[in-house]
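1. 3D model of this:
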Amino acid sequence: PPFQDADQQQLYDTIVDTRIKVIGKDALFDERGALRGPWNPEVASPLLGRHLERLATAVRTENSLEANVYEVAILAVGVAWHAQFEWYAHERLARKA
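-> Here you go, the predicted structure:
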């Protein structure tokens, strides 16, 4: 995708490098190759997006929950908030955990 500046490109690359290992290519990109979920707005505002990515990484990696409990919690919150993307991105991970 075309970016306006180097900060956007750097954040995009970081998101792809870290998330593709977690949720996979199909959940990360749509059929046009654009980022799915919350990442496009993050890339549009890299200053805020970098902070959001650090928060998301901390929540994912610095918690005391076992993987299966963590993934089920994400699904439960996603259902409560009608966040279809969370279900889409994490159902496979919850089943695997």
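
2. What is the neighbour count of residue 41?
-> 12 (other Cβ atoms under 10 Å). Heads up, the C-betas are built off the backbone N, CA and C, glycines and all.

3. try residue 97
-> Neighbour tally, residue 97, other Cβ under 10 Å: 13.

4. quick one: contacts for it?
-> The contact partners of residue 97, by Cβ atoms under 8 Å, 6 or more residues apart in numbering, come to 66-68, 70-71.

5. Give me the buried entries from those.
-> The neighbour-count test (16 or more other Cβ atoms under 10 Å) marks 70-71 as buried among the contacts of residue 97.

6. which one of the contacts of residue 97 sits closest to residue 48?
-> Closest approach between those and residue 48, by Cβ to Cβ: residue 70, at 24.7 Å.

7. Filter the contacts of residue 97 down to the ones in helices?
-> Among the contacts of residue 97, the residues falling in helices (DSSP state H) are 67-68, 70-71.

8. which pair in these spans the largest distance?
-> 68 and 70 (7.3 Å).

9. Now do the buried residues in stretch 16-36.
-> 19, 23, 27-28, 35-36.

10. How about the residue nearest the centre of the chain, nearest residue that isn't a chain neighbour?
-> Nearest residue to the geometric centre of the chain (Cα atoms, centre = their mean): residue 19, 5.9 Å. Once flanking residues are discounted, residue 19 sits nearest to residue 28: 5.4 Å by Cβ to Cβ, 6 or more residues apart in numbering.

11. Lovely, talk soon.
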